[in-house]
Each structure stands twice: as structure tokens, then as C-alpha cells.
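Visitor: coords below, sequence missing:
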């Protein structure tokens, strides 16, 4: 497994309005679906289409795409022998960023985005799994998508779900948004509408049920904390879609 990085793209200007074009959501395994991401797009009146490269689907033409979401999965970004579509996916991400298309990468999707933009992706010594939180950085507290969750000096943490051991360096020019002690690079933004989140904000009750037997024994995964992470995730994703569509600054504070 090589840790070689790939050259990053030139960041393109904001794309022309694409609100009439469906978003593409790339899913890599059956149990890591879009969850709350689909709800956020539905609420904004945005159509979306699921793409399953693991089942042989081809990637969409970006000229017909309003936005791109790349979800998680158990494979690693360097596992291209077993999953050759990982290479085409990174090419798609580079093209999307260059064309100014809104992009959200989650977990594996964030690692793919980081590698596509020229950063290193490596495997850590210990997995980070279960319901937890991330700490917003200074720039993260000002970010239009994550920042409204900042509750003041005593509350810079936001709840989320972790399920990873791989981690990424920050791509050149990226803004560092969130951190944990074990894996400092938890979220980044490139430009205004490209986000990589190592942690999960899309987990709703249905998705959580599908993960219940897969999460390692002993990982914190209780219902109360999951409900809190889902509530916060819904706000974060609504703000992301708002920013992606250029329909606002994403300013929807915690409720």
C-alpha cells in the first residue's frame, strides 16, 4: 500500500447555477447510505441519484451534475488493485473541484478528496470508532457550515459519529476546521463549497441500526448520544446544501 500523494487541481471559480441538475451521491457499500444527506437535499428541493461503483455503475458526467457527495466505506484509498474504481473516483473529484461544483466527502470520501487534492493519506495505530465529538478550530468556528454549532468558549465540541483508522494530511490551501486528540485533521474546506469530513454527520436512526452489528464491541454507540449527533448532523447538512446552492451563508444556529 503506497502513501504516495497525487498532484492537486487548480481550484476553479464558483460554477453557474445548477439547481435544476441532480446531485450525484457515490455509495461504496450497502450499509453506508446517504442517511440525513438525502433528507437535506430533499428539503432543499434537490434531486439526487445514487451511484454504486462497487456494483459496476459508471461515474456521472459532471456537466449534468448539480453537486457531488462521496460517502464512506471499509476500503482504503490505496486499495486500487482490489477496487480500481477508486482511481476514477479521484479523477472525478479533481474535475469537480476544478469546475467549481459543490463537493462533500465523508470518511473514505474525505480521504479520497484529500488524496485527489495532493495530500497524504495514511493509516493510524488505533481506530477511532463510536459516537463522540470533534473540536472546532478557530477557522472552524467561523465556517458557515460547521461554525454555527459553536456554543462559546465553554462549548467548542460538536457531536458526531467516528468510524475510521485512516487519516489524511491537509491538502495545499485547505482550511482546517475540526480536530480530535487522536486524529488532528478531522475536517477541511477548500474554497467555499468543497468540504471533507473524516467524521460522520449523516447517521440517522435507520443507518445506525444497519451499523449496530458491525461496530466493534465496546465502542460508544448509545441511543441518546446518537440522537444528539443526528440532530446536529441535520443542521450541518442543511447549512452545507444552503451554501452549496448559494442560497445563503448557511447561518442556521443550534436549536
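Guide: Nice, I can see it. Source: prediction; values computed, not measured.
Visitor: Centre of the chain to the helix or strand bottoming out on mean pLDDT in the chain, how far?
Guide: Between all helices and strands in the chain, the lowest mean by mean pLDDT, DSSP states H and E belongs to helix 205-211, at a mean of 84. When C-alpha coordinates are averaged (C-alpha atoms, centre = their mean, to the nearest Å), helix 205-211 and its chain have centres 18 Å apart.
Visitor: tell me which residues in that helix are buried?
Guide: Counting neighbours by 16 or more other C-beta atoms under 10 Å, one finds that the buried residues in helix 205-211 are 207, 208, 211. In short, each C-beta sits where N, CA and C put it, glycine included.
Visitor: Stretch 217-227 too?
Guide: By 16+ other C-beta under 10 Å, the buried positions in stretch 217-227 come out as 219, 221, 225, 226.
Visitor: Grab the nearest non-local neighbour of the first one.
Guide: The shortest distance from residue 219 to any residue other than its chain neighbours is 3.6 Å, reached at residue 130 (C-beta to C-beta, 6 or more residues apart in numbering).
Visitor: Who are the packing partners of the helix or strand hosting that neighbour?
Guide: Per DSSP states H and E, residue 130 falls inside strand 121-136. Applying 3 or more C-beta pairs under 8 Å, 6 or more residues apart in numbering; DSSP states H and E, we find strand 121-136 packed against helix 108-116, strand 157-168, strand 175-179, helix 223-245.
Visitor: So which bits of it are buried?
Guide: In terms of neighbour count (16+ other C-beta under 10 Å), strand 121-136 has its buried residues at 121, 127, 128, 129, 130, 131, 132, 133, 134, 136.
Visitor: Let's see the pLDDT reported for the third one.
Guide: So that's residue 128. Here the pLDDT value assigned to residue 128 is 94.
Visitor: Run through the bridge partners of it.
Guide: Residue 128 has these beta-bridge partners by DSSP bridges: residue 164.
Visitor: shouldn't it be in contact with residue 185?
Guide: No. If you go by C-beta atoms under 8 Å, residue 128 and residue 185 don't touch, sitting 11.9 Å apart.
Visitor: Could you tell me which residues make contact with residue 126?
Guide: Residue 126 is in contact with 165, 182, counting by C-beta atoms under 8 Å, 6 or more residues apart in numbering.
Visitor: Let me see the contact set for residue 37.
Guide: Contacts for residue 37 (C-beta under 8 Å, 6+ apart) come out as 25, 69, 104, 106, 202, 237.
Visitor: Need the three-state assignment for the second one.
Guide: Translated: residue 69. Per DSSP: H, G, I helix; E, B strand; the rest coil, the local secondary structure of residue 69 is strand.
Visitor: I'd guessed it sits against residue 24; true?
Guide: Yes. Under the criterion of C-beta under 8 Å, residue 69 makes contact with residue 24 at 7.2 Å.
Visitor: overlap in contacts of these two?
Guide: residue 48.
Visitor: Compare neighbour counts for these two and give me the winner.
Guide: Remark: of residue 69 and residue 24, residue 69 carries more neighbours, 28 against 24, as counted by other C-beta atoms under 10 Å.
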